[in-house]
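K.L.:
fold the following and give me the result.
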Amino acid sequence: MSDLNPQGTVEHDDEGDSHPLMAQHDSSMTLDPLPRGPPPRRRFWDRTLGLFRTIKEEVSREMSDRSLRNNPDPDSDLGSERYVSPRNTSKKFPSNAISNAKYNPITFIPLILYEQFKFFFNLYFLLVALSQIIPQLRIGYLSSYIVPLAFVLTVTMMKEAGDDIARRKRDSEQNNERYEVLNRQSPITQDVAMVQSKNLKVGDLVRLHKDRRIPADMILLQSSDANGEAFIKTDQLDGETDWKLRVACSLTDAITDISKLVNNISLIVDKPTKSIHKFDGKLIYHQSSGNNKTIPLTVDQTLWANTVLASGTAIGVVVYTGVETRQSMNTTMSGVKTGLLELEINSLSKILCITVFLLSVILVLAHGFPLKKTWYIDILRFLILFSTIIPVSLRVNLDLAKSVYASHIQKDREIPNTIVRTSTIPEDLGRVEYLLSDKTGTLTQNDMEMKKLHLGSICYAGDTFDIVADYVSKLLFNEGLGGFGSKRKDMSTKVCELALVLALCHNVTPTEEDGELTYQAASPDEIAIVRFCEQVGLRLFKRDRNNISLLHLATGKELNFEILYNFPFNSDTKRMGIIVKDLERDEITFMEKGADTVMANIVMATEWLDEEISNMAREGLRTLVIGRKRLNAGLYQLFSKDYEEASLLMTSRDAQMQRVVSKYLETDVELLGITGVEDKLQKDVKTSIELLRNAGIKIWMLTGDKVETAKCVAISAKLVARGQYVHQITKVHIADTAMSQLDYLVNNFNSCLLIDGESIAFYMKHFRREFMEIALRLPAVIACRCTPQQKADIALAIKELTGKRVCCIGDGGNDVSMIQCADVGVGIVGKEGKQASLSADFSIDQFHFLSKLLLWHGRNSYKRSAKLGQFIIHRGLIISVAQAIYSISSKFEPLALYKGWLMVGYSTLYTMAPVFSLTLDRDIDERLTKMYPELYKELTLGKSLSYKTFFMWVAISLYQGAIIQSLAQIFHTVAPEKFLPMVTLSFGALIYNELIMVGLTINTWNKTMVTTIVVTLMIYIGSIPFLPDYLDLDYITDFSYYWQTVVVLAVSLFPVWLTQTVNRKLRPPTYAKVQQD
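P.N.:
Coordinates of the predicted model:
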């Protein structure tokens, strides 16, 4: 252990002396002439370069900060261990200021521009706009190209600025919270220093009050509770809603002199890590005699940042700040998911980009040979003229549409409390082909109820629980515990021993709020068992870190036990245990319960265990195996000595402690019985699964539960169809067996597959592709005994091998990795907390909400965006076709047809609102999505946005653009004196054509759509008098303008309308058929 560092002092620069005093001088002195400064041009460039360097440094710092937030350096402190002392609050560690903002005032514009122009198409439009600075490439006014791009960027900047301001406001509120810091008090007044959260440092002693946020990672030194206990709420850290018990360090809890906390303690803690369930450290209490005391620190003494103190007051010492806190290390800048429709739009845009280039080259070549000396400039000018083929507003319109869809989802009263956390992928809700679902808390309620208690030779359930209550009352509280020591036991003794172990072996804490007793625990299973014990007469009355008391409800008598050691449940060991001392009999007992897969190897061999576990699982019950071992004083002392030594290790502490437990405690454990807890199905799960299956979605259930339990739930939830054969593959670890099982499935693709985690691991390692290709063709798959990583691996494998959209849904922390790997992650707010919900793209309250989310909102989002994207492409393509016709008529010269504000207005005021109103369209009523879920299958085929529909829109654009411009030129020619009337007719017809095309595209009208079209039409008509440089106002007042416009529109629109009408009559789409029915 290193020595304490001396108290550092802070040196202050005397800024007041940095400027020399003005001194009087002798008038006879000869002054040298003042040196001349650099010339103005040089000063300008120096200042410009200085500003550029400043911006570059700020951007680099911002990108570095983002990288640090996403990938915090685990070795940012000195070495692998950290020395912390309240006597020396260290400044070498990160600041405790919270910063979730993406930008600062200097980096805002540079980073926004970088984020936008890293995409090829945005960069393309920027280059087109900048090209207008070059005189040889200038076509029309610079504003024609700058304004649309600036509009798109302005919308994006406003959205980003609004989001960032909100983030900064939240950060500021937390950073400016004030806390009492005890080791920074004034030496004169002895007042406690009130320090802002952002200024807290490692080593600070902070006093915390009830319901206050914990500002940094701390170690609990003292609590106002007599037993040194404190509860914290961790829902903002891990999503779990139960209160967590924390215990103050035994060496510091009783200290009343603050100076001793400051001067006599130091800590050695591990380097910062992400794990919120693991912590290794030591606390050293320095005594003047030199006989220092050391105790281990575990996660039980931790107060993680961003949790809330739920009870009393407490004093803690800060050990990690800022980016090194657990909360910060588990928070990453969310990656942006890209929807399938956006990828498809990008592919189509590339076709358009190639088209622009080819068209430009063809028009230059069509001019004839020999080519002009400036042929390359002509190509560039044509590229600029046809840049509207790739619409600059496409991306911003689609992004705004996603926000509209998210708003519709969150405001839907039939799926209350639904939250859209990722607004970039609502269209993918309409393209899901595989659904991977957790079982517990997702398909089931996670509201546990004790149903069975089995002791091998007898089983108690339902009304027979009254017999258990009679045994407990008679043996435990009337006759006492004397009979418990005999080797020959009757059934009543066995039942009472099992009930007593169930009442003691758990991590449930009773709390009283408003006079009502409630139980706090991380596991609903444990609460169900404790409630069962209360039902049979054993109420959990009091519990702290050292003692546990049971109360018999009928007689009011108490049973008191001392807790010597507690071994909490974790997903690695799959069991929990406790060592208690009976204060009445002075007897020490080790009690343990856990999953049958691990407990079967711990308890003494019995012939009935496997059979009864299977029987309960077939009934859909969750089972736990209960065991017990009495410890004599010698064995307990040996265990205690080795366990304490292992607890002081700074490396491999958990593994060594578990090794000691296995060596001394988990041998010759007596099997007492097994419990069966029921978890009922959620509301409307059967209906929802049937709807989703009929919609063509293949459903996989991935659970950590037993094979029989999973099978039972799958059948009752209608995941397995009536009469469908379930092919079971378990414990496969031989290649020949594995392949023979797959061969059977090849010839029986109507079967449902039931497979355990052990077999999945073998297949994924040796026959990954073969297994997945066969499993993907099955109507349903049930995977049991899955680890969280296996769930994620399966999701990734399906995405990789099929390229289809995969939706994963779950409610617990063990589902987070699977949800994050999915194309569409859905989290359910469950009894175990909000961790899955907080990490998901969409958060819902009930599984049956998913059917509406996919079949209705997914359908609308996909269909609307597909229509919107293609219409915007049509809007850009039709004006480019008109430009091409004009260029051909102008002897292939790259001359602009529409200039200045006409181009600006066309892409914004004159067409944008009506086109965007397509985001409110719907092709069928909501009730029909439930009546005909088969309609969803068409969406997964991507028929609404395909090469076929794209080229249909291209054909419409080519026809209408050619007709409008050709007829305008026939009526007026391209002669210079007729140019303005021709443009007036052509542009007006173009605007009217687009507004009418919006009407022809809409399936279901509403007030908003009508309003946008009418208002836009009025805006165009109202703006005509203000455009005398672009439109011929005299021609517009002449009757010929109107009849010529009608003729142009009739020829342009009638064939499109006729084709649509005939197709609807002869070959109506499926949705139209059901709508008619």
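K.L.:
relative to the whole chain's centre, how far out is the lengthiest helix in the chain?
P.N.:
Longest helix in the chain by number of residues (criterion: DSSP state H): helix 143-175. In terms of CA atoms, centre = their mean, to the nearest Å, the centre of helix 143-175 is found 23 Å from the chain centre.
K.L.:
and it, what does it pack onto?
P.N.:
For helix 143-175, the elements it packs on are helix 108-117, helix 120-131, helix 394-410, helix 901-907, judged by 3 or more CB pairs under 8 Å, 6 or more residues apart in numbering; DSSP states H and E. Where C-beta positions appear, they are placed from N, C-alpha and C, glycine not excepted.
K.L.:
return the most buried member of those helices.
P.N.:
Comparing those by mean neighbour count (mean count of other CB atoms under 10 Å), helix 901-907 ranks first with a mean of 22.
K.L.:
so where's the stretch 451-600 of the chain uncertain?
P.N.:
When residues are selected by pLDDT under 70, those of the stretch 451-600 of the chain lie in 477-489, 514, 571.
K.L.:
would you map the strands across it?
P.N.:
Remark: strands assigned in the stretch 451-600 of the chain by DSSP state E, counting those that start in this stretch are 459-461, 509-513, 516-520, 538-543, 547-552, 558-567, 575-582, 587-594.
K.L.:
to T440, which of those strands lies closest?
P.N.:
strand 587-594 (16.3 Å; CB to CB).
K.L.:
tell me the strands beside that closest one, with direction?
P.N.:
strand 575-582 (antiparallel), strand 621-631 (antiparallel) (DSSP bridges).
K.L.:
now the closest residue to N264 other than its chain neighbours: phi and psi?
P.N.:
Leaving aside its sequence neighbours, N264 sits nearest to H286 (CB to CB, 6 or more residues apart in numbering; 5.0 Å). In terms of degrees, to the nearest 10, the main-chain angles of H286 are phi -90, psi 130.
K.L.:
distance of H286 relative to N88?
P.N.:
According to CB to CB, to the nearest Å, H286 stands 13 Å off from N88.
K.L.:
how about the contacts made by Y460?
P.N.:
K452, L453, H454, I467, V468, V495 (CB atoms under 8 Å, 6 or more residues apart in numbering).
K.L.:
try it again with 7 Å
P.N.:
L453, I467, V468 (CB atoms under 7 Å, 6 or more residues apart in numbering).
K.L.:
again, but for S224
P.N.:
Counting by CB under 7 Å, 6+ apart, S224 makes contact with G312, T313.
K.L.:
could you find the closest non-adjacent residue to the residue nearest in space to the middle of the chain?
P.N.:
Geometric centre of the chain, nearest residue: S839, 3.0 Å, by CA atoms, centre = their mean. Nearest residue to S839 in three dimensions, chain neighbours excluded: V816, at 4.8 Å (CB to CB, 6+ apart).
K.L.:
so what's the residue count around that neighbour?
P.N.:
By other CB atoms under 10 Å, the residues close to V816 number 23.
K.L.:
contact partners of the helix or strand harbouring N615?
P.N.:
N615 is located in helix 609-618, with elements delineated by DSSP states H and E. The contact list for helix 609-618 (CB under 7 Å, 6+ apart) reads K452, H454, D596, A600, T623, L671, I674, G676, K706, E708, T709, C712.
K.L.:
one more pass at 8 Å, please.
P.N.:
With CB under 8 Å, 6+ apart, helix 609-618 has contacts from 452, 454, 456, 459, 596, 600, 603, 623, 625, 671, 674, 676, 706-709, 711-712.
K.L.:
of those residues, which belong to helices?
P.N.:
Judged by DSSP H, helices contain the following of the contacts of helix 609-618: D596, V707, E708, T709, K711, C712.
K.L.:
by neighbours, which of those residues wins?
P.N.:
In terms of neighbours by other CB under 10 Å, those top out with T709 at 25 neighbours.
K.L.:
circling back: average pLDDT across the helix or strand where the residue nearest to S839 lies?
P.N.:
When secondary structure is defined by DSSP H and E, V816 falls within helix 816-821. The average pLDDT within helix 816-821 is 86.
K.L.:
now do the helix or strand containing I379 against helix 120-131, angle only.
P.N.:
Element membership of I379 [criterion: DSSP H and E] is helix 375-385. On the basis of axes from the mean of the first three to the mean of the last three CA atoms, to 10 degrees, helix 375-385 is oriented at 120 degrees to helix 120-131.
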